[in-house]
Every structure is written in C-alpha cells, then in structure tokens.
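A.B. asks: coordinates only, no sequence provided:
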C-alpha cells in the first residue's frame, strides 16, 4: 500500500479565508442594495414635501456606483431634474450710496451662509434672511422663491439711519455723603402695528402663462320669471373645463380663456329638466398674494357666450332644443401647489341668460370646486 502525501496546512487556511471573504462581500452587497433602495424611497418622499435640498442628498447616495444599475440610473435622472428645479438667490449688500459692503454676516433660516458663495440654494417657499454688519442694527427680510427660479437677484441696503442706538450715559457720580441717584435713560415708545405676518406681500407669479382647469363640483341655481306672473327655478350640476392664457407671460395679470360647460337641471321647477350647453369666453385679472408661505390667486372676471339646450322628456313635460345668449361676472380663488398645480374655489358666479326662441330670460348662480395646472413656463 502506497503512502499518501501529507496535506499542507496552508491549503485549509486559504479555504477558510476565501469562504469568509465571500460571505462578508455578499452581506455587504445586500446591505448596500438595501441602503440604496431606502435612499431612493426617501428622496421621493422629500421631493413630494418640497424639500429639494434634502432629496438631492439622498439621490447622491443611491446614485453611487455601488448601487444596482436600475436604481442608480433612476436616481441620477431625478437628481438632474431636482438640480433644474432647485431655486437659488444672489444677494447684494450695499450702503446708502450703492457701494458693496464686505464683512456682512448672512444667515438663512438660522443657517450661516458661506461668504464665498456666489448664490444660495434654498428649497421653494418663504425664507428668513438676517444680515448683520458691525455698528449697524441687523436687517431682516423674508424672501419667497418658487420652484425652478434660478439666480434671483436681491439687493439689501444698510441706510445711514440703521446704526445701532447709542448707549445711555452712565449715571452721575455724586458725593459719598449723598445716596446715589440713578436716573434711567428715557426710551421713546415704539409705535405698535398690527401683526400682519400672514400677508407678506403681493408677488409676481413664476408659473407658466397657460392654464387648463376643470370644475369638478359645480352647483347651479337657475331662476326664470314667466310672463304670466309666475316663475320657476331649477337646481343642478354644472361641470366645466377651461383653457386660457395670461398675457403677462406669467401665471398672473390679465387672463383670457375659453370655457365649455354643461348644466344638468335636476331638482325643482314646473318644466321638464333641461340639459344645456354653455360656450363662454372669459376675461379677468389674476392677482397673486403670499398667504402663510403659499401663493394664492384672486381672480375677478367677466364672461359672455352662448347657451343652448337639448331635447329632454320627463313625464308630461317636453323641452325642444333652443338657444340664447349668456353673460355675467364672478371670482375665482386659486391655491398653488407643487409642480404648477392648483386647487380652485369659485365662491360665486352670477350670469344672466335669455333664450331667444322662447322669449325667456333668467338668472344663474353658480358655485364650483376644481383643479387646474399652469404650463408654458421656462
């Protein structure tokens, strides 16, 4: 029987080390993939909350080469989109004569700003800036920026009157035989103004000039006085869709639009319920203000157009097709959300209409809730 060759002890050690390295690398890979997925999901949540800077940091983590290819590609694409949407502000600090000032400390929402930064990247919304210069009283300014607004220029001026108030003179030194009498310095009472922080300022909208909106919940009340001295009224559902444009090139200012709607009369009256169509042209003026950090649009408007009914039969009542004219006025209130979308409230619209063939005129009152979106911006 031939003797077997002795095995080298190094072979066993090598196998143990190789197996351990394989297990560690496999666990590290699984951990890295889980972290990539977590960063990816967290970035989506932050993006939805308007926290673009925080979302960008999470996307940088899941866009690394250690992440799976599909996750890495998606994160890099969204990172480019957020970079394009992230607002930035350029601050210029001058004295009363317009000369630039140096050594000015700037904070935004309590965070110091690097003096070497040429622009400050911030999330969309309102931000509190504080400017501090030696020998001057600090200046505060609230600046609202919208998504996609790049290199917005803001100038802050330290006027000659903004110096720190002088210290009161020290109390007089009296002889030791008399007790010291300290007269407090007189401080003039500052005027008291009402707190209007919720209404920051009128602002220029940075949304696109075009818009499309739909009235999803429209309530209509119609009243028609008859020649016989009696009258009848209907209440019903009125959905509409409108396409329009702001002539200013922004999401505010003079607006013109085309509106198509329908009225389904359903309740009340002594005639057959009508199904009517409304084709109207709209002209109005949208004024944007900043309420509690949100853009709110108030838009009074005028309308004019045509109304036409279709055949309808309910029991013994029959309505033949007819047509007429319509005109009126109303007001819209829009609350802008992320991405150019907005919620629409129409508290009142009053219109008069006349059916030519029937020699019948009446009054419509309408209320609506809906949604819309602007488009066409840079």
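C.D. replies: Nice, I can see it. These numbers were taken from a predicted model, which means no experiment stands behind them.

A.B. asks: got the residue ranges for the strands in the stretch 1-150 of the chain?
C.D. replies: 88-95, 105-108, 111-112, 120-121, 125-132, 139-145 (DSSP state E, counting those that start in this stretch).

A.B. asks: list of residues touching the third one?
C.D. replies: To tie it back to what came earlier, the one meant is strand 111-112. Strand 111-112 has contacts (CB atoms under 8 Å, 6 or more residues apart in numbering) with 105, 106. Where you see a C-beta, it was placed from the backbone N, CA and C, and this is true even at glycine.

A.B. asks: partners of that strand, with directions?
C.D. replies: Paired strands of strand 111-112, with direction, are strand 105-108 (antiparallel) (DSSP bridges).

A.B. asks: about what we covered before: closest to residue 43 out of the strands of the stretch 1-150 of the chain?
C.D. replies: strand 120-121 (16.3 Å; CB to CB).

A.B. asks: so what are the domain limits for this structure?
C.D. replies: 25-84, 87-164, 210-375 (automatic domain parsing).

A.B. asks: how about JSON lines for those domains, with distance to residue 171, mean pLDDT and mean neighbour count added?
C.D. replies: Putting the domains of the chain into JSON lines (distance: least, CB to CB, whole Å; pLDDT from 0 to 100; neighbours: other CB atoms under 10 Å) gives the following:
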{"stretch": "domain 25-84", "distance to residue 171": "52", "mean pLDDT": "84", "mean neighbour count": "15"}
{"stretch": "domain 87-164", "distance to residue 171": "21", "mean pLDDT": "86", "mean neighbour count": "14"}
{"stretch": "domain 210-375", "distance to residue 171": "47", "mean pLDDT": "81", "mean neighbour count": "17"}
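
A.B. asks: so which of the ones you listed is nearest residue 204?
C.D. replies: Taking the domains of the chain one by one with CB to CB, domain 210-375 is closest: 6.1 Å.

A.B. asks: distance of residue 244 from residue 332?
C.D. replies: In this view, residue 244 and residue 332 are 11 Å apart by CB to CB, to the nearest Å.

A.B. asks: how close does the residue nearest to residue 252 when sequence neighbours are not counted sit to residue 287?
C.D. replies: Leaving aside its sequence neighbours, residue 252 sits nearest to residue 205 (CB to CB, 6 or more residues apart in numbering; 4.1 Å). According to CB to CB, residue 205 and residue 287 sit 10 Å apart.

A.B. asks: which neighbours do the two share?
C.D. replies: 252, 297.

A.B. asks: returning to what we had before: which of the strands of the stretch 1-150 of the chain sits closest to residue 151?
C.D. replies: strand 88-95 (5.4 Å).

A.B. asks: contact partners of the closest one?
C.D. replies: Contacts of strand 88-95 (CB under 8 Å, 6+ apart): 100-101, 104, 106, 113, 118-122, 129, 131, 133, 143, 145, 149-158.

A.B. asks: pLDDT value on residue 10, please?
C.D. replies: Note on residue 10: pLDDT of 57.

A.B. asks: disregarding residues adjacent in the polypeptide, which is nearest to residue 337?
C.D. replies: Using CB to CB, 6+ apart, the closest residue to residue 337 is residue 343 (6.7 Å).

A.B. asks: the stretch 1-150 of the chain: helices as residue ranges?
C.D. replies: 9-48, 52-62, 69-85 (DSSP state H, counting those that start in this stretch).

A.B. asks: tell me the centre residue of the protein?
C.D. replies: residue 337 (3.8 Å; CA atoms, centre = their mean).

A.B. asks: in this structure that one contacts residue 344, no?
C.D. replies: No: the pair residue 337 / residue 344 is not scored as a contact, 11.1 Å apart, by CB atoms under 8 Å.

A.B. asks: returning to what we had before: neighbours around the residue nearest to residue 252, how many?
C.D. replies: 22 (other CB atoms under 10 Å).

A.B. asks: helix or strand: which one has the nearest residue to residue 332 once chain neighbours are set aside?
C.D. replies: Nearest non-adjacent residue to residue 332, counting by CB to CB, 6+ apart: residue 299, 4.4 Å away. For residue 299, the host element (DSSP states H and E) is strand 294-309.

A.B. asks: got phi/psi on the residue nearest to residue 324 when sequence neighbours are not counted?
C.D. replies: The shortest distance from residue 324 to any residue other than its chain neighbours is 4.0 Å, reached at residue 355 (CB to CB, 6+ apart). Main-chain dihedrals, residue 355, degrees, to the nearest 10: phi -90, psi 120.

A.B. asks: which element is the closest residue to residue 333 other than its chain neighbours on?
C.D. replies: Excluding the flanking residues, the one nearest residue 333 by CB to CB, 6+ apart is residue 345, at 4.6 Å. Assessed by DSSP H and E, residue 345 sits inside strand 341-355.

A.B. asks: where do the helices of the stretch 201-350 of the chain begin and end?
C.D. replies: Going by DSSP H, counting those that start in this stretch, the stretch 201-350 of the chain shows no helices.

A.B. asks: now do the strands in it.
C.D. replies: With DSSP E, counting those that start in this stretch as the criterion, the stretch 201-350 of the chain has strands spanning 210-225, 231-237, 240-246, 253-267, 275-291, 294-309, 312-314, 317-319, 322-336, 341-355.

A.B. asks: which among those is found nearest to residue 40?
C.D. replies: That would be strand 341-355 among the strands of the stretch 201-350 of the chain, by CB to CB, at 23.7 Å.

A.B. asks: in TSV: the strands of the stretch 201-350 of the chain, plus distance to residue 368.
C.D. replies: As requested, the strands of the stretch 201-350 of the chain are exported to TSV (distance: least, CB to CB, whole Å):
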stretch	distance to residue 368
strand 210-225	4
strand 231-237	10
strand 240-246	7
strand 253-267	9
strand 275-291	12
strand 294-309	13
strand 312-314	23
strand 317-319	25
strand 322-336	9
strand 341-355	4
